[in-house]
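Visitor: structure for the following, please:
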Amino acid sequence: CKDKGLSKKILSFHRIRIPKFLISSRKWPLRVLHGMKYPAFIKPLGLEASEGIAQMSFVENEEDALERIKFIHTSLEQDAIIEEYIEGREIYIGVMGNGGRPQVLPPRELFFEEVPEGEPKFATFKAKWDEEYRKRWGIKNKNAAALDPVVLRRANEMCKKIYRIFEMKGYARIDLRIKPDGEVVFIEANPNPSIERDGDFARSAEKLGLSYDRLMEKVIALADQ
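Guide: Have a look, this model is predicted:
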């Protein structure tokens, strides 16, 4: 799960919709991005918590893409993944359980209330961790706005399938994009997501009726199985 390219290759084999992507390694950096359509999105292959993701991660041509790849290779000393940019809602779905019947939690969504219409919206490092930046652009993590029941069911089933494919245990969070036409696209799988009291996972459980203390009891019990 921590290799964003390998996880997508595996899920593509299982017929789960993923963004089209390329990998540029530090050892063999790409000089031409054959077949990549724009806009595209570029991030470090193995970092977490949006580290290395900024406004410059969104690129609209090959020249800017190659410049961002070079930055990731040289400044962050990381391999890079170049993906098609998926326009749509950013949805996070928590999953719990061991074995073949995981439980999904109510979806959470990242809102960009002050970002102008038509501007790209995605979770940069500052959008996640800089409180002043979040206030300025109205960036909030909240319970997801209403989703078409068919789309929600499709997203939930996808997340349970991913959880089983990766043989996850205990708890995890699956990050998705839901396009305007309702198509659900996998972005990342997080086998050890933040589980603080005010975080997305705990808030999802709370909506399901699980207090934070009860959630911790369930997580501990699952770890002991």
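Visitor: how about residue 16: what's its closest non-neighbour residue?
Guide: Leaving aside its sequence neighbours, residue 16 sits nearest to residue 186 (C-beta to C-beta, 6 or more residues apart in numbering; 5.5 Å). Bear in mind the C-beta positions are built from the backbone N, C-alpha and C, glycine included.
Visitor: hey, what's that neighbour bridged with?
Guide: Beta-bridge partners for residue 186, by DSSP bridges, are residue 176.
Visitor: thought residue 174 was touching it, still the case?
Guide: Yes - the pair residue 186 / residue 174 is scored as a contact, 7.2 Å apart, by C-beta atoms under 8 Å.
Visitor: overlap in contacts of those two?
Guide: Counting by C-beta atoms under 8 Å, 6 or more residues apart in numbering, the contacts common to residue 186 and residue 174 are 158, 162.
Visitor: those two: who's more crowded?
Guide: Neighbour totals were compared for residue 186 and residue 174, and residue 174 leads with 28 against 23 (other C-beta atoms under 10 Å).
Visitor: output the contacting helices and strands for the strand or helix carrying that one.
Guide: Following DSSP states H and E, one finds residue 174 within strand 170-178. Helices and strands touching strand 170-178, by 3 or more C-beta pairs under 8 Å, 6 or more residues apart in numbering; DSSP states H and E, are strand 89-97, helix 149-165, strand 184-190, helix 200-207, helix 212-223.
Visitor: many thanks, have a good one.
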